[in-house]
Every structure is written in structure tokens, then in C-alpha cells.
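Engineer: fold the following, please.
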Amino acid sequence: MSDSSPLPPVRLHPEAELARAALSTPLLSRAARLARWAGPGTRVDAGGELVEEQLPAAAELLGLSGDDAAGYAGEAWRVALDAGLVEIVDEEAGTVRAGDDLNLLTGGSPAEVLGVWLAALETVIADAGVPDLDDLVGALGEGGEIDFSSLDWDPEAEAEFLDGVLGNLYLLTVSEDGPGDGPVPLPALAASMIVPDDMGEPTNDVLEQVSDAMMRLDDQFRTLEPVGLVDYQPVDEALMADADEEPAAPVDDTDVSRYGMVRLTPLGAYGLRARLLEAGFAAPAVGELADKGADVLLAGTAGFGQAAAQAETEQWLARREPLDAARELLAAARGADAGAPLRRLRCQQALSLIGTEAEPALREVLDDPELGGLARVWLSERGAAGVPAPSQELVFWLTVDTVAAQLAAEGNSEELQALVEGLAAQHSGFFSTAWRVEHPATADVLEAMGRLHPDKKVAKEARKAAFKARSQHGG
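Structural biologist: Got it, this is the predicted structure:
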């Protein structure tokens, strides 16, 4: 995932709702209870961990039992310490007290609550990349130091791998062609990090790497679920049984959910976006442009998918009077630069969301060479009277502008290919006229039509027309 190009915009839930979700996560709830429990008699070791003798009492307070109770209590304490819910008073004596941030959980703003949760999230993500305790104990050397080489574990590489997986999960979630609020199969996430994009059939070695990655991620997502980052359905235990063991129940090999399913929660989307922004990625959120000018709106939504662009535009329009909004949009849509056709397309889509109150603004630009075409379309679609017929010159200019916008928005899509085929079929002699259109993108559009049209004869005509257009403009 590159940090140079913007990610698709995420639709974040309201901060108040996210703050309530953060407070209800099992891990932050446990951390807060331990912070309130801590007192003059609480002791920590040199690393800030609860001393071993106090872990049973902490586990009992949290209602934890079983072999893992002390481990879960220790994890909640680390979160409390790292999130500022408790703080160390005297390192030598190992004494602690409630931290300043503990009160934020009950008296802070939603943003302040989320700030505490983000600190907790960082602790859990760091913990998720650490090997099992049993492995660490086995790697202890004679001096009590961990021999990382014996673990086959590179902390930096492990952190980078998990960050990559979480980044891909975020991208899949916010992409318009992704699962949205639905779950992602764990094998797909693992493969996104292992299998090269240009690989056809994965080799056995690559498949083995994917399987190993799935097992690591299974442990990691189990760790990440209690902090509210994800909803996780773990890998079916039967899949990890020894080959010689008889399965307890019939196994359905076609059920992909048995291999693990992970869904990014709304709180998780907020958290990963914050981490991406911190790491220097462009990670927009729907609604960020609502208080900006129309020029910023049209430029900003140029790279959005259609649904996200509409959602952003609806929020922008909600803050303005319809007629004023229409005039501002039309003014921002003018221009002869490379991005102008897509701005006009976004303007046209925005105007489609405004009612007849905007009619005066559209009539004002009927004679505008760049906006007159889209104004006629808008007025005609609403059955307005007295709309002048467009000249042939304007029709061809609008056609070139529309194809240029679609090229910028979608590239060589199937929809654009269908548009190209329709244009060539509906207008006899289309190319003999099109190359003369005074539009900065005429040659590029004709070249694209030559590339996209399946009929070789028509494609050749388009390429010849593109050559004439470039020659006409000295290109």
C-alpha cells in the first residue's frame, strides 16, 4: 500500500457513538477497573507490570478464571499503564496511583475518550506481534536475556507484517468494491501479504507460507478483538488437529468461514485511520470537505468512488442554500486544465442532487462554452421550458468533455467502452468532425476511443482522427 496516493474515503461513525463503543470494549473496561482498584498497597516490578503475587487478586476483580486469567489481568494492567489510567509514583518502591487520564473516561469529551482508546490500541497491537509466553520462556538464556535468534522472530519484520495486514483490511473495508461492513476471509488477508500480484497459480511453497501466515494472524486477531478493533471468527480448531486424529464432527471443506473471518469494526476503522494518518498516509474521511469551497469539493471528490463522492457532496449541500450552492459549483467547474472535465462531471453529479431552486443558476450559464452543455442537460431532465437546442459544436464539445471525465474517473472501464461503441454507432462520420473540436483533451479522447473500440476499422479511424487533432494543435 503506497503512502503517496490517497486511500478511498472512510465513512466514520459519530465520535460520541465511537467513544461509547470504546468504553464498552472488554479490554479498556478491564483496564479502567484495575486503575480504580489500584491503591497504596498495589505494587509493580521494574518494568511496571503487576507483581506476580497481586495477579490473582486482579484476575478475581475482573471476574477472570482459568489458566489464562493471570495473563489477561496482566494485559489489562499494561493497557491501563500505557494509556495513562495508572501511573508509577516511585519506581524503586513499585508504588502506583490513578493516572490523570482515568477521569477522562467518565468526564472527558468523546475525542478525549478516543484518545485514551488509541493509546490502548497501540499497546495491544504491539502485544499482538510478540510470540507466545511459552516460546519466550524457552528462549531465555543463562543470563535471563531472550535469545531472539532461537525464536525465528524479527520484531521489526513482525510489526511491519501486522501493519501491512491491518492496512489491507482497512483498504478492503473502505473500497467501494470491497466487502464494506462484511467480513473478510482470513486466507485472503494472508494471501494479500504473501502472493505476488503477478503470480498466476501459487506454488506449493507460497501456499505453505500463506498457511503459516494464517496461523500467526489467527493468534493476532484473537488478541486484537478484545480492544474492539475487529470482530473475529477464529480458525476452526479441527483444521489444526493432527492428521492422525479423527475429527470430532464431519468437516465441510467448502465452508470458507472455517478458515477464519475478520471484520473491521466502526471503532476499528477510526483507529486504523488514525494510525495511517500518523504514518503519513492520505486517509480521507467523508465529511471533511463539507465546510470547504466548491473548488476544494470538486477537486477532493475527483478521486472518490461514486458512492463516496455522493455522500461527501450531500453533506456539503446540506450546509448551503440550493441556489448559492449551484452557482458556487458551476463557477468551480470552469477551466481548461487536465482535471477540468472530471470537475465538471462531479459538478453535474452534485447538481443532480439539487432541486428546481437551482434553475436560475443553470440558466445563467446557458451561453457559457464550458458549462452550457451540462446546463441544458440539467434543465431538460427537469422539464424546464425555453431550453435552447445545442449547436452541433456544443454537442461534440460536451461529448469530448464527458469521455475525458470518464477516462479520468474510471480509466478503461467496461462502461466507458460501451459509451465509446455507442458514440461511434450513433453518429455517422463522428471522427471526421470530432478531431476539429476545440477541447484540450480531444486528441487524448480519440486515442482512447481507438484503444477501446473492438472494431479494428473504427479503431483505426479514431487513431487517424487523434493524429489530426494533435497536428491541428501543434502536438
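
Engineer: how about stretch 166-181: buried residues?
Structural biologist: 166, 167, 168, 169, 170, 171, 172, 173, 174 (16 or more other C-beta atoms under 10 Å). The C-beta positions use only the backbone N, C-alpha and C, and glycine is treated the same way.

Engineer: tell me which of those residues fall in helices.
Structural biologist: 166, 167, 168, 169, 170, 171, 172, 173, 174 (DSSP state H).

Engineer: hang on, the earlier thing: dump the buried residues of stretch 166-181 to CSV, plus distance to residue 274 and pLDDT.
Structural biologist: Converted to CSV, these look like this (distance: C-beta to C-beta, whole Å; pLDDT from 0 to 100):
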residue, distance to residue 274, pLDDT
166, 12, 96
167, 13, 95
168, 17, 94
169, 15, 96
170, 11, 96
171, 15, 94
172, 18, 93
173, 15, 94
174, 14, 93
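
Engineer: just send these back as a markdown table, with distance to residue 374 too.
Structural biologist: Listed next are these as a markdown table, based on distance: C-beta to C-beta, whole Å:
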| residue | distance to residue 374 |
| --- | --- |
| 166 | 42 |
| 167 | 38 |
| 168 | 38 |
| 169 | 39 |
| 170 | 35 |
| 171 | 33 |
| 172 | 35 |
| 173 | 34 |
| 174 | 30 |
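
Engineer: between the residues you listed, which sits nearest residue 448?
Structural biologist: The nearest member of these to residue 448, counting by C-beta to C-beta, is residue 171 at 27.6 Å.

Engineer: that closest one touches residue 6, doesn't it?
Structural biologist: No: contact criterion C-beta atoms under 8 Å: residue 171 and residue 6 do not qualify, at 11.5 Å.

Engineer: for the ones in helices among the buried residues of stretch 166-181, which one is nearest residue 224?
Structural biologist: residue 166 (8.5 Å).

Engineer: wait, doesn't the closest one sit right on residue 271?
Structural biologist: No: contact criterion C-beta under 8 Å: residue 166 and residue 271 do not qualify, at 9.3 Å.

Engineer: residue 10 bridge partners, please.
Structural biologist: Beta-bridge pairing of residue 10 under DSSP bridges involves residue 285.

Engineer: please report how far it lies from residue 277.
Structural biologist: 11 Å (C-beta to C-beta, to the nearest Å).

Engineer: then residue 351?
Structural biologist: 32 Å.

Engineer: tell me which of these two has more neighbours.
Structural biologist: Each of residue 351 and residue 277 has its neighbours counted (other C-beta atoms under 10 Å); residue 351 has more, 24 against 13.

Engineer: out of everything not next to it in sequence, what's closest to the more buried one?
Structural biologist: residue 378 (5.5 Å; C-beta to C-beta, 6 or more residues apart in numbering).

Engineer: now for the buried residues of stretch 166-181: which two are most distant?
Structural biologist: 166 and 174 (12.6 Å).

Engineer: which non-adjacent residue is nearest residue 430?
Structural biologist: Per C-beta to C-beta, 6+ apart, closest to residue 430 is residue 424, 5.7 Å.

Engineer: got the contact list for that neighbour?
Structural biologist: Residue 424 sits next to 430, 431, 449, 453, 455, 458, 462 when contact means C-beta atoms under 8 Å, 6 or more residues apart in numbering.

Engineer: what does residue 228 give?
Structural biologist: So residue 228 contacts 21, 22, 24, 25, 27, 28, 117, 265, 267, 268 (C-beta under 8 Å, 6+ apart).

Engineer: counting neighbours, which of these end up buried?
Structural biologist: 21, 22, 25, 27, 28, 117, 265, 267, 268.

Engineer: identify all contacting residues around stretch 327-340.
Structural biologist: Residues from elsewhere that reach stretch 327-340 (C-beta under 8 Å, 6+ apart): 293-295, 297-299, 302, 320, 343-344, 346-347, 350-351, 361-362, 364-365, 368, 370-371, 374-375, 408, 440-441.

Engineer: list buried residues within these.
Structural biologist: 294-295, 297-299, 302, 343-344, 346-347, 350-351, 361-362, 365, 370-371, 374-375, 408, 440-441.

Engineer: tell me the spacing between the residue nearest to residue 430 and residue 434.
Structural biologist: Per C-beta to C-beta, residue 424 is found 10 Å from residue 434.

Engineer: next: residue 202.
Structural biologist: Distance from residue 202 to residue 434, counting by C-beta to C-beta: 46 Å.

Engineer: quick one, which of the two is more surrounded?
Structural biologist: When residue 202 and residue 434 are compared for neighbours, residue 434 comes out ahead with 27 against 15, by other C-beta under 10 Å.

Engineer: just give me the neighbour total for the closest residue to residue 81 other than its chain neighbours.
Structural biologist: Counting by C-beta to C-beta, 6+ apart, the nearest residue to residue 81 once its immediate chain neighbours are dropped is residue 48, at 5.2 Å. Residue 48: 16 surrounding residues under other C-beta under 10 Å.

Engineer: contact partners for residue 27?
Structural biologist: With C-beta under 8 Å, 6+ apart, residue 27 has these contacts: 75, 76, 79, 120, 124, 226, 227, 228.

Engineer: now do the contacts for the fourth one.
Structural biologist: Listed by C-beta under 8 Å, 6+ apart, the contact set of residue 120 reads 27, 28, 31, 79, 82, 83, 227.

Engineer: so where is this structure shaky, pLDDT-wise?
Structural biologist: Applying pLDDT under 70 to the chain flags the ranges 1-5, 132-153, 240-254, 474-475.

Engineer: tell me which stretches of it form strands.
Structural biologist: 86-90, 95-98, 184-185, 230-233, 261-264 (DSSP state E).

Engineer: need the helices for the stretch 1-150 of the chain, in chain order.
Structural biologist: Assigned by DSSP state H, counting those that start in this stretch, the helices in the stretch 1-150 of the chain fall at 15-23, 26-37, 55-61, 69-82, 104-107, 110-128, 133-138, 148-151.

Engineer: which one of those lies closest to residue 195?
Structural biologist: helix 110-128 (22.5 Å).

Engineer: list the buried residues of the closest one.
Structural biologist: The neighbour-count check on helix 110-128 (16+ other C-beta under 10 Å) flags 110, 113-125, 127-128 as buried.

Engineer: what's the closest non-adjacent residue to residue 344?
Structural biologist: Of all residues not flanking residue 344 in the chain, residue 333 sits nearest, at 4.6 Å (C-beta to C-beta, 6+ apart).

Engineer: check the gap between the one you found and residue 284 for me.
Structural biologist: 21 Å.

Engineer: tell me how many other residues surround the closest residue to residue 32 other than its chain neighbours.
Structural biologist: Leaving aside its chain neighbours, residue 32 sits nearest to residue 105 (5.6 Å; criterion: C-beta to C-beta, 6+ apart). Using other C-beta under 10 Å, residue 105 has 22 neighbouring residues.

Engineer: for residue 105, give me its contacts.
Structural biologist: 23, 28, 32, 85, 113, 116.

Engineer: if I pick residue 19, what's in contact with it?
Structural biologist: Taking C-beta under 8 Å, 6+ apart as the contact definition, residue 19 lies against 110, 111, 113, 114, 117.
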